[in-house]
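Trainee: can't give you the sequence, but here's the structure:
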């Protein structure tokens, strides 16, 4: 039975997920995280895309990617193949580093776009790795709430959904409890 074809069109935006093989680690130290981000930039040069948000967890990744002219399969295949080669060399191993195909959820509405951004940035907090989202170093979150340049992401589209000051509004959106139909405030 053949695999389900991935939907793609210029400008398609995705929530990409990938897990380490057998739920194992993908990142062992800072060098691994930095290498993944360097490879991501090399791949972006080859296949331009917009990265809206990211979070690199120990054994899985989350990327919010908007394609431009290249199918997501080329972007992800190149990114993960190159990272797997790097990690196999570094760990002196062979074989798969990622568990199966990467996951891709097509983002077709503004509401879902914002939910994905929030979910990605809350991931380390929900996993109880940090007590504040901005304390996790391998996420784009801190660059959203502390207006600093992060050459990996473009916050323009995300900020467009918020009132000024956008970084404060976005922080409130991410850090407050949310019901299905909107934001509620912590008691």
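Mentor: Perfect, thanks for sending it. Since the model is a prediction, treat every value here as computed from it, not as a measurement.
Trainee: Which stretches in this structure count as strands?
Mentor: Under the criterion DSSP state E, the chain contains strands at 13-19, 49-56, 60-67, 103-107, 178-179, 182-183.
Trainee: Which elements pack onto the first one?
Mentor: Read it as strand 13-19. Where contact means 3 or more CB pairs under 8 Å, 6 or more residues apart in numbering; DSSP states H and E, strand 13-19 is packed against strand 60-67, helix 72-91, strand 103-107, helix 110-126. (Each C-beta comes from the backbone N, C-alpha and C, glycine too.)
Trainee: Any chance of the ones you listed in TSV with distance to residue 176 as columns?
Mentor: Shown next, in TSV, are the helices and strands packed on strand 13-19 (distance: least, CB to CB, whole Å):
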stretch	distance to residue 176
strand 60-67	20
helix 72-91	31
strand 103-107	22
helix 110-126	10
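Trainee: Which of these has the highest mean neighbour count?
Mentor: A comparison of the helices and strands packed on strand 13-19 by mean neighbour count, using mean count of other CB atoms under 10 Å, puts strand 60-67 on top with a mean of 22.
Trainee: That one: partners in the sheet, and parallel or antiparallel?
Mentor: strand 13-19 (antiparallel), strand 49-56 (antiparallel) (DSSP bridges).
Trainee: contact partners of that strand?
Mentor: Applying CB atoms under 8 Å, 6 or more residues apart in numbering, the contact partners of strand 60-67 are 8, 10-20, 26, 36, 49-56, 72, 75, 107, 113, 116-117, 119-120, 123, 157.
Trainee: Swap in 6 Å and give it another go.
Mentor: Outside strand 60-67, the residues that touch it by CB atoms under 6 Å, 6 or more residues apart in numbering are 12-19, 49-55, 116, 120.
Trainee: for stretch 144-164, same thing?
Mentor: The contact list for stretch 144-164 (CB under 6 Å, 6+ apart) reads 37, 50-52, 114, 117, 134, 140, 143, 166-167, 169-171.
Trainee: try 8 Å
Mentor: With contact meaning CB under 8 Å, 6+ apart, stretch 144-164 is reached by 37, 40-41, 50-54, 66, 110, 113-114, 117, 121, 134, 140, 142-143, 166-171, 173-174.
Trainee: For residue 109, give its distance to residue 3.
Mentor: Note on residue 109: its distance to residue 3, by CB to CB, to the nearest Å, is 26 Å.
Trainee: okay, and for this structure, where does confidence drop off?
Mentor: Applying pLDDT under 70 to the chain picks out residues 1-2, 177-187.
Trainee: Please name the bridge partners of the residue nearest in space to the middle of it.
Mentor: Closest residue to the average C-alpha location of the chain: residue 63 at 2.1 Å, with CA atoms, centre = their mean. On the basis of DSSP bridges, residue 63 takes part in beta bridges with residue 16, residue 54.
Trainee: Distance of it relative to residue 94?
Mentor: As judged by CB to CB, residue 63 and residue 94 stand 26 Å apart.
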